[in-house]
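Sequence and computational prediction follow.
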Amino acid sequence: MTIKRLLTGAVALPLLILLILKGGFSLFAGLVMLLSLLGLTEFYRMAFPDRKAVALVAAFGGALLPLALLNPFRAMFALTLLVILFGVIILFTFTDVKKAAGDMAFLLMGFLYVPLLLGHLLLLRDLPDGIPWIFLMMIIVMGGDTGAYYLGSSFGKRKLYPAVSPNKSVEGALGGLAGSITGAFIAKAIFFPALSVADCLATALVLGLLGQVGDLFESLLKRSFGVKDSGMIVPGHGGILDRLDSILFASPAAFYYARFIFMHH
């Protein structure tokens, strides 16, 4: 499994870096919508194992939402349309009237959890320093994952949240924050000198912490749905949601910090 993870990372990471650096905004938007589609498909497969048609239609509809976020009126229109459209679909296709409200709640949860949060990557990319910010967020999250894994596996004794994720430890969580801080300062040294020391610490702590919370939240969803992995699309890594869980919670914070704090220094 470790070899599979390393091989997948060795292929996927350079391609992702190349796409972000050279691909332009349109190609990046296409990637975000594709990830939204795959993530929603996994979410709805867990939530609606017996309603494949509705799940597929909802996944394709929700995957268009990230583009709408670039304009607040389009975003309101898109969300409104999704609510009404799938309200009508549930109204006329339900199989068990006692589950209808829960089905609608799961549909809306999917839209809010995957494309709405992931769409902040497009808002981030659209900023003047959008590309460095995306790389900074990725390094903070990946540094957190690496620090949590190695310190947790070496020194982890106290359980962090066993009801949700039995293998995570307090030591691993602290190691994750240390890894995130290290990643932020590496980013400052290599490609983002405009960051201050305060920026490095603030973004590492906020994004690193939210990344870990996002990981725990996805673990909660999987336990609630009774599955081990959200999918098997990424060799050695499980599903797309298993890879995006930290990014989903970290990317909105990265955008709002960049837009409302960093740009007003």
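Now that the structure is in, tell me what you want to look at. Numbers count the residues shown, from 1 in each chain.

L79 and Y149: what is the separation?
Distance from L79 to Y149, counting by CB to CB, to the nearest Å: 36 Å. No exception for glycine: its C-beta is placed from N, CA and C like everyone else's.

Please read the previous query as pertaining to E218.
Going from E218 to Y149 by CB to CB gives 16 Å.

now L91
L91 is 46 Å from Y149, where distance means CB to CB.

Neighbour count: those two, which is higher?
Y149 (15 against 10; other CB atoms under 10 Å).

Am I right that the more buried one is in contact with S169?
No - counting by CB atoms under 8 Å, S169 is not a contact partner of Y149; they are 10.8 Å apart.

Could you find the closest non-adjacent residue to S165?
S219 (4.4 Å; CB to CB, 6 or more residues apart in numbering).

Surely that neighbour is within a helix?
Yes - under DSSP: H, G, I helix; E, B strand; the rest coil, S219 sits within a helix.

list the contacts for Y113?
Neighbour list for Y113: 43, 248 [criterion: CB atoms under 8 Å, 6 or more residues apart in numbering].

any idea how far it lies from L91?
Counting by CB to CB, the gap from Y113 to L91 is 23 Å.

My guess is G87 contacts M104. True?
Yes - counting by CB under 8 Å, M104 is a contact partner of G87 at 6.5 Å.

which one of those two has more residues nearby?
Applying other CB under 10 Å to G87 and M104 shows that M104 carries more neighbours, namely 17 against 13.

mind listing what that one touches?
Contacts of M104 (CB under 8 Å, 6+ apart): 86-87, 90.

between the residues you listed, which is closest to V213?
F86 (27.6 Å; CB to CB).

what about the nearest residue to L205 once chain neighbours are set aside, neighbour count?
Nearest non-adjacent residue to L205, counting by CB to CB, 6+ apart: L177, 6.6 Å away. Using other CB under 10 Å, the number of residues around L177 comes to 20.
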